[in-house]
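**Student:** Take this sequence and fold it.
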Amino acid sequence: QIESLEKSLEDLLTRVDEFVGMLDMIRSDSSQVVNESIPQIYTKATEMRHIYRKIDKLEAFVKMIGNCVAGMEERVIKAETDLGTFPSTFKKILHTISIPSFLNVS
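**Tutor:** From the prediction side, this is the model:
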């Protein structure tokens, strides 16, 4: 009976050692996440906020240019109406020039 108790205790100690080893591995992985991954994520998040600000400024610039183009187009139409239309040659040239779609005002 003592032998079976010793065997059970040895098995239990083996399992405890395995469990402690697993806990050490988890602790090590957690430390790596805290010490390495979180600072990297924070740095990337800061970079992304900077990029988002640039995108917002670029969108505002594109919208401003679109408004300017729309205003210019209105003035050209008014000038054509007031002064008469361009000769057909100039009209054809101007119609072949395309405005990029992102400059169109919605």
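**Student:** Helices along the protein, start to end?
**Tutor:** 2-32, 38-83, 88-96 (DSSP state H).
**Student:** Include mean neighbour count when you put those helices into TSV, please.
**Tutor:** Quick note: C-beta positions are derived from backbone N, CA and C, even for glycine. Conversion of the helices of the chain to TSV gives the following (neighbours: other Cβ atoms under 10 Å):
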stretch	mean neighbour count
helix 2-32	10
helix 38-83	11
helix 88-96	9
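**Student:** Let me have those helices in CSV, extended by mean pLDDT.
**Tutor:** Below are the helices of the chain laid out as CSV (pLDDT from 0 to 100):
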stretch, mean pLDDT
helix 2-32, 89
helix 38-83, 92
helix 88-96, 66
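**Student:** distance of residue 30 from residue 43?
**Tutor:** Per Cβ to Cβ, to the nearest Å, residue 30 is found 20 Å from residue 43.
**Student:** Check residue 26 too.
**Tutor:** 25 Å.
**Student:** Repeat that for residue 4.
**Tutor:** In terms of Cβ to Cβ, residue 4 sits 58 Å off from residue 43.
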